[in-house]
Each structure stands twice: as structure tokens, then as C-alpha cells.
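Asks: With the sequence up front, the predicted model follows.
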Amino acid sequence: MVLMKTLSAKPAKKPPSKPEGFLVNTGVAKTILELRSGQTLFCQGERADAVHYLQRGKVKLAVISKRGKEATIALLNSGCFLGEECIAGLEHRKTTAVALTPATVFKIDRKEMIRGLREEQPFCETFISFMIARSARMQDDLIDQLFNSSEKRLARALLLLAQFGKDGAPQTVIPKISQETLAEMVGTTRSRVNFFMNRFRKQGFIEYNGKLSVHRSLLNVILHD
């Protein structure tokens with residue numbers, strides 16, 4: 001069962017620099033959800049009545065076709081918003097969100113989110129910046145899918161999972177991500193993912209030590225023509 005705790009709005013304080021800080025310290029009411037690994041946050045087709053913010057953990061976004069085929073479209077790290085499409089008036093979820101690790105999520109009802117965006121200018125600016133970055137990421141994903149080989153697409157996916165390019169050194173990728181999930185993200189077969197993963201390991205780009213670790217040298221695969 002999801003552990004829930006409702007927080008009332010607090011008086012505004014000095015604006016923090018990250019969405020989490022705004023959600024904790026400004027007057028935006030929310031509910032905290034504690035998810036287990038493998039637990040579903042929301043399902044495709046459900047009523048879209050809230051925006052979620054991933055404070056801790058990793059979440060998979062997937063879509064399921066009418067024939068039951070599932071495709072992973074994104075793996076989200078802490079600091080991401082989910083379900084923001086409800087602000088645009090969409091009544092039902094277009095994706096399913098599942099926790100890949102234990103996760104802490106802030107749930108903000110649609111009306112409260114809209115009120116916060118209207119009345120909390122710093123929070124609104126932060127959210128808009130996030131959406132612009134999300135749009136740019138989606139464009140990059142499309143370009144990657146259209147023009148790069150499956151090997152380069154896999155390398156890019158692993159670097160994104162390791163949060164390469166953000167503050168600090170690349171992090172360790174989630175310990176139990178399956179090759180089937182990677183294949184869905186990359187748009188190839190599991191056998192091809194297995195082949196490239198073995199190649200990356202032999203070349204010293206990644207390591208398996210109970211967890212999958214990604215090294216900066218994996219960039220060579222993307223930069224090499």
C-alpha cells in the first residue's frame with residue numbers, strides 16, 4: 001500500500017533554486033507518496049487529475065498498445081515532473097508510471113498546481129524551465145532515433161541513466177534494469193543490446209559489480225563516426 005501523508009501549505013520563504021525546494025518551502029499543498037520498487041504510480045487510461053514530482057528514486061514511463069505490447073519511452077531520475085499533461089486539459093493518462101527503485105513522490109492536485117503556477121512566480125519560472133528542457137530532450141531523443149545506430153542509441157541511453165553531464169560525476173545506473181527495458185528504450189532487440197553491452201564491458205566503458213556502472217569513456221561510442 002502507498003504510504004501517504006498530506007502536507008498543508010506553508011508560508012513562503014526565500015526561493016530555493018530547485019523544484020523540490022519550491023514544493024517544500026512555498027505555499028503549494030501536496031501529498032507525499034512512498035513507493036516500493038515495482039509499484040505503479042499511475043496507469044495509462046486513468047483519470048489525469050494531478051501532477052507528480054519525483055523527489056527520490058527512478059521511475060519508468062511506458063505505453064501499451066491495444067494489442068498489449070509495451071514500450072518504454074523514458075526512465076526518469078529524481079528532479080523530474082510526471083503527469084504534467086493534465087494541466088493542458090487532458091482527461092486521461094497517456095502513459096503508465098512504475099517505480100524502478102524505492103521512490104518518494106510529491107503529488108499535487110491539478111487545481112492546486114495551476115494555482116501555484118499562477119501565484120508563485122519563482123515556482124512557475126522553474127516549472128517552465130523544466131518543461132523547456134523536457135521538450136529539448138524529446139527532440140534529441142527523436143533525432144537520436146532517426147539518425148543514430150542502435151549501438152549509439154544504447155550508449156546515449158546509458159549515459160542519460162547515469163545522469164552524465166549533471167553536477168558531479170556520473171552516478172551508478174539502477175541495479176536491476178533489464179536488457180528488455182533497454183531494448184524498448186533504444187528501439188532494438190534484446191539480443192542486440194546484449195551484444196553491445198558485452199562489447200562495452202570488454203572495452204572498459206561499463207562495469208558489472210552487482211550494479212551497472214558507466215564510465216565517461218562511453219562517450220567515445222557517441223562521438224565516433
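Replies: Yep, that arrived. Everything numeric in this text was worked out from a predicted model, so none of it was measured.
Asks: for this protein, what helix or strand is lowest in average pLDDT?
Replies: Scoring the helices and strands of the chain by mean pLDDT, DSSP states H and E places strand 3-7 at the bottom, with a mean of 48.
Asks: Can you tell me how far the residue nearest the centre of the chain is from E84?
Replies: Centroid-nearest residue in the chain, with C-alpha atoms, centre = their mean: L76, separated by 1.2 Å. According to C-beta to C-beta, to the nearest Å, L76 and E84 sit 12 Å apart. (Glycine included, C-beta is placed from N, CA and C.)
Asks: Mind splitting the chain into its structural domains?
Replies: When the chain is parsed with automatic domain parsing, its domains come out as 3-142, 149-223.
Asks: can you pull the contacts of the spatially closest residue to F205 that is not a sequence neighbour?
Replies: In space, and not counting its chain neighbours, F205 is closest to L218: 4.1 Å by C-beta to C-beta, 6 or more residues apart in numbering. By C-beta atoms under 8 Å, 6 or more residues apart in numbering, the contact set of L218 is A155, L158, L159, F200, F205, I206.
Asks: Could you report the neighbour count for the fifth one?
Replies: Yep, that's F205 we're talking about. Using other C-beta atoms under 10 Å, F205 has 22 other residues around it.
Asks: Repeat that for the last one.
Replies: Close neighbours of I206, defined as other C-beta under 10 Å, add up to 21.
Asks: Show me what it bridges to in the sheet.
Replies: V214 (DSSP bridges).
Asks: shouldn't it be in contact with S213?
Replies: Yes. I206 lies in contact with S213 (C-beta atoms under 8 Å); the separation is 6.4 Å.
Asks: Determine the three-state secondary structure at the nearest residue to T95 once chain neighbours are set aside.
Replies: Spatial nearest neighbour of T95, excluding adjacent residues (C-beta to C-beta, 6+ apart): L61 at 4.7 Å. Classification of L61 by DSSP: H, G, I helix; E, B strand; the rest coil places it in strand.
Asks: Can you give me the pLDDT of L61?
Replies: We have a pLDDT of 91 for L61.
Asks: Now the element after the lengthiest helix in the chain, going C-ward?
Replies: Under DSSP state H, the helix in the chain containing the largest number of residues is helix 121-147. Remark: after helix 121-147, the chain's next helix or strand is helix 150-161, criterion DSSP states H and E.
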